[in-house]
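Q: could you look at this predicted model? Sequence included:
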Amino acid sequence: MNLLLILEQALNGLQYGVTLFLMAAGLTLVFGIMNLVNLAHGSLYMVGAYLATTFYQWTGWFFGGVVLALAATLLTGIALEMVALRTLYERDHLDQVLATFGLILFFNELIAIGWGRAALYTGLPAWLGGHVPVLPGVRYPVYRAVVIVVGLAVAALLWALVARTRVGMLIRAGASNRTMVAALGINIRLLYTLVFGIGAALAGLAGLMAGPIYAVQPGMGEEILIQVFVVIVIGGIGSIRGALVGAIIVGMVDTLGRAFLKPTLATFLSPSAADSAGPALASMLIYLLMAVVLFVRPQGLFPVRAR
Amino acid sequence: MTPSRRTVALVAGVLVLGLVPVAAALFNQPFYIDLFRRIMIFAIAALSLDLILGYGGMVSFGHAAYLGIGGYAVGILTHHGVPNGYLQWSLAILASALIALVIGAISIRTSGVYFIMITLAFTQMLYYLGISIEEYGGDDGMRLARRSQFPGVIDLSDATAFYYLVLGILVLFLFLSHRIVNARFGMVIRAARSNEARTLAIGFAPYRYKLAAFVIAGAMGGVAGALLVNHTEYLTPEFMHWTRSGEIMFMVILGGMGTLVGPLVGALVLLLLEDVLSAWTVHWQIILGPFLVLVVLFGKRGLVSLLPGGAGRG
Amino acid sequence: MAEPLLEIRGVTKRFGGLVATNHVDLDIVEGQTHALIGPNGAGKTTLIGQLAGELRPDAGRIRFGGEDITGLSTPARSIRGLARSFQITSVFREFTALDNVALAVQAHAGSSFRFWRPAGSDPALRTPALEILQAVGLGPRADVSAASLAHGEQRQLEIAMVLATRPRLLLLDEPMAGMGAEESQRMIAFLRGLKGRHTILLVEHDMDAVFALADRISVMVYGRLIATGAPEDVRANPDVRQAYLGEEESP
C-alpha cells in the first residue's frame, strides 16, 4: 500500500463525498424548512442522470445534456412540489415517508418503461477524459477532478446564498422557526417552492455528474439516498454545514474502507477470511460510524433547532 | 363479553382461510394454497410490524431485516447440513431478537425522522452484508436444498400441511398479540404513542418498554422469515431490501394500523392486488405507486375502519 | 423546623440571551399550599418544567424530600412522589377516563412487564382508579373516551391522574385554565379539600383561586422571585403591587 494509492483513494473519497453533499444539502434544506421527509429525492437524482446521459448519447453535445438535465430536474421538482408534495407539509412524517415511497415506485417504473432496467452506457467527451497531474507524481482522472471542483464550488455558492443574501436569511430563519417566518408575512408558499427547486436542482446536478462514474439504472436514486440519510443523521438535520462535514466523512470512510479494509485485514488474518470479511465489513462501515455518532451525539454533529 | 364486530370478522376470516385448501383440492387449483400461504406469511410479518408501528408509534422502516435474518438462519444452517427445523427456527427467533435488541437500543434513543432514517440505514447495512457474503449466494441468493425438517411431526413439503402450520402460527400470534396489547405492557406502549409527555409525567420511562416491543416484533418477523424461506425455497438478500419494508408497512396502513385485523386485511388486499396487476402488465408498479400515494392521502384509517363499528383499538 | 419538602436553590435557566429563571430560591413546606403568580412570560412554566424534570437548570439545585433530584428524569421524580398537571390539557385521548387514571395507578403499582393479563379488568388498577374518578366528580363519565370529555372535565381528569400517582407534592400548572366561572368554583372547592393532606405548588392567574387556596404566595417577574410570604403581606407589598397586582386592580 503506497502513499500514492492512498492519495488517489482519498481523492475518490472526496469526490464521492461531494456527490453526497449535493444530495444531502437539498434533502436537509427541505427537511429543515418544510419539515418534509422526501424519499423521492433520489428519483430526482435519477432523472438528472438519465436525461444528461441520453441527451449526450443522442446529440454528442455534453453541455447541452448538462443544461437539459438541470432544467428538467428543476422543473420536475417544482411540478412535484406543487402537485403532490404540498399536501404533505401538514402531515406527519409517516405519511410523508409512505407517500414519497409510492412516488419512488412510480418514478422507477417510469424510467424502466422508457429505458429498460439494464444499466445505461455512459460516455464522456474527449476533453473530460484522461488524467491530470493534481500533485507531483499523482495523476488523477480529469472527470473526477472536475466533479470535486464543481461540488466544492457549489458548496461555496450555497454558503454564500444562505449566509449572505436576503433569500438565504429567510431560509435560515425558516429553518429555525418556521411559524415565525410565516407570521412575518413572507410568502411562505413561494419560499417553499423555491427551496424545493434548489434542492431538486442540486439532486439533478449530483445525478448528471454521477452518470459517467456510477451505474445509471432504475433504483440508483435509492442506493445513494440511504447513504445520504446516514450523512444527514451524522451531520445533523437541517444543517448545511453538517451536510458538508458529514458527506466528506462518509465519503472518505466508505471509499477508503472499501479500498483498504481487505488488504489491512489480510495482514493479520488468513487471505480467505480477509476475502470474505473485508468486503462485508467495508459495506457496513458507514452504518457502524453512524451508530457510534448516535451514541455520542444523538442529534448529530451540527444540529439545528427546527421549530 | 359480547364479541365485537371485528372479532367476528376475524374469526370468520380465519375459518375461510382454513377452508382454502379444501376448496383448492375441490377445484383442482393447488396454486391457491400457495398464494394464500404467502399472504398469511406476510400477514404475520405485517402483524409484527403493527405491534411497534400501529400500537407503539415507532415508524420502523427496517422491519424487512428480520424477515431476512429469519430466512438466512434457516438457509445458512441448511447450507451447512443442519436441516433440523427446531434448531433452525430457534436460531431464527434468537438471531432476530438479538439484532432487534442491538438496533433498537441505538435507534429508540432517537425519535421522529431520525428514527425512520436510522432503521432504514441499518436494514440497508444488513442487505449489503447479505450481498457481500459470497458463500451464501451473495447478490443472487441461493436455493434452499431442503425445507426445515421436523421428523415425525410434520413434513413441510406437503403443501397442505405446511399451509395449516402457517395458519396455526398466524392464529397463535394473533392471540398472543391480543393479550400483549391489552396487558399492562401493551397499555404503556400505547400510552407512549398517544402522549409521550403524559406517559413520562405519570412515572413511566418508555424506553425499556419500547425496546422490549421492538425485540418482540423482531422475533415475530424472524419467524415470518423462516416461514417465507421455506415457502419460496429460495433465499436472497432481497428479503431484506428496504422496499420490502415499505411494502409491509403499506399492508399495515392499508388494513388499518393499531388493530389486529388490519395487518391481515392489508396483506390480503395488497398481495392480491399485486398478483392481479402483475398478471396484467409487467410494469404494475407504476400503478401501485400512485395507489399507495392515494391511500396515504385519503385512506389513512385503513380498510378496517370501513367495517361497521368503525375504527378503534383491537 | 423540619426540612422543607421541596428546596429550590439558585436555579437558573438561560435560553440564548434570555434569562428565563434567574437564581430562584424557594422552599415549599410539607402540607402547605404555595401559589406562584406573576405576569405572562415571567418564567413560571419554565420553573415548573425544571421542577418536573423536563428542563435541566443551567445552575442551582433542587432537593425533594431531602434528596437532590436536579439530575433526575421526569419518571424518576414521579416515582418519588412529585406529580404535575399540564397547563394545556395533556391526557390520553384515545383511552377512556378510567383507563387514563388506571394507567397512572399502574405506573406506581409494580412492574408493567406483564404480557398476559388484561389491564382493563385488573381490580388492583380499576378499583383505585374508579375511586379517584369519583372523588374528582367524574365517576359517571368513567367509560367515556377522554377526547369526548368537555374541557372542564378533561382538566378534572388531569387532576385525577395526578392524584392517582400517590404524590407527596402536586405541581399544578394553571388547573383552572380555560374554565368557566362555575367550573372554576368547583375546582377551587375540590382543591381546598386537598389542602393539608397534600403539598401543592400552584401556578395560577385566577386571583380568586390564589387567595382562596394559598397559604403562601411567591411572585415571579422576569424570572426572579420578587416577593414571598403570606397572602396579606404579598398583597400589601409595594413592589408586587407595582409589578403585577397594580395592573390588575381596578381603582
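A: That came through fine.
Q: alpha carbons only for contacts and neighbour counts from here, please
A: OK.
Q: and the helix or strand harbouring residue C:127, average pLDDT?
A: In the assignment (DSSP states H and E), residue C:127 maps to helix C:123-136. Confidence over helix C:123-136 (mean pLDDT, whole number) is 93.
Q: against which helices or strands is the very next helix or strand once past it packed?
A: Using DSSP H and E, the next helix or strand after helix C:123-136 towards the C-terminus is helix C:151-164. In this structure, helix C:151-164 makes packing contacts with strand C:82-85, helix C:97-107, helix C:123-136, judged by 3 or more CA pairs under 8 Å, 6 or more residues apart in numbering or on different chains; DSSP states H and E.
Q: try it again at 6 Å.
A: Using 3 or more CA pairs under 6 Å, 6 or more residues apart in numbering or on different chains; DSSP states H and E as the contact test, the elements touching helix C:151-164 are helix C:97-107.
Q: angle of the helix it packs on against helix C:123-136?
A: Computed with axes from the mean of the first three to the mean of the last three CA atoms, to 10 degrees, the direction of helix C:97-107 lies at 120 degrees from that of helix C:123-136.
Q: count the residues that sit near the residue of chain B found nearest chain A.
A: Using CA to the nearest CA, the closest approach of chain B to chain A is made by residue B:289 at 4.1 Å. Applying other CA atoms under 10 Å in any protein chain shown, we find 21 residues neighbouring residue B:289.
Q: for the host helix or strand of it, C-alpha coordinates in CSV please.
A: Per DSSP H and E, residue B:289 falls inside helix B:285-298. In CSV, the C-alpha atoms belonging to helix B:285-298 read as follows (Å, rounded to 0.1, in the frame of the first residue of the first chain):
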residue,chain,number,x,y,z
GLN,B,285,-45.5,-0.8,-10.0
ILE,B,286,-46.4,2.3,-12.0
ILE,B,287,-50.0,1.7,-10.9
LEU,B,288,-49.2,0.6,-7.4
GLY,B,289,-47.1,3.6,-6.7
PRO,B,290,-49.8,6.2,-7.2
PHE,B,291,-52.3,3.9,-5.5
LEU,B,292,-50.1,3.9,-2.4
VAL,B,293,-49.9,7.7,-2.5
LEU,B,294,-53.7,7.9,-2.7
VAL,B,295,-54.1,5.5,0.2
VAL,B,296,-51.8,7.7,2.3
LEU,B,297,-53.6,10.9,1.4
PHE,B,298,-57.1,9.7,1.7
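Q: how about that helix, which residues are buried there?
A: Residues of helix B:285-298 classed as buried by neighbour count (16 or more other CA atoms under 10 Å in any protein chain shown): B:285, B:286, B:287, B:288, B:289, B:290, B:291, B:292, B:293, B:295, B:296, B:297.
Q: reformat these as TSV; add pLDDT and distance to chain C.
A: Converted to TSV, the buried residues of helix B:285-298 look like this (pLDDT from 0 to 100; distance: CA to the nearest CA, whole Å):
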residue	pLDDT	distance to chain C
B:285	84	36
B:286	86	37
B:287	87	35
B:288	86	32
B:289	88	32
B:290	90	31
B:291	88	29
B:292	87	27
B:293	88	27
B:295	88	23
B:296	86	21
B:297	85	22
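Q: closest to residue B:79 out of those?
A: Residue B:79 has its nearest neighbour among the buried residues of helix B:285-298 in residue B:285, at 33.7 Å by CA to CA.
Q: quick one: contacts for the closest one?
A: Contacts of residue B:285 were listed using CA atoms under 6 Å, 6 or more residues apart in numbering or on different chains, and they are residue A:105.
Q: now do it against residue C:74, distance only.
A: 47 Å (CA to CA, to the nearest Å).
Q: and for residue A:40?
A: Remark: distance between residue A:40 and residue C:74 (CA to CA) = 39 Å.
Q: residue 56 - how many residues pack around it?
A: Reading this off chain A. The criterion is other CA under 10 Å. On that basis, residue A:56 has 21 neighbouring residues.
Q: hmm, I had chain B in mind actually
A: Tallying neighbours of residue B:56 according to other CA under 10 Å, which is how burial is gauged here, yields 25.
Q: brilliant, that's me finished.
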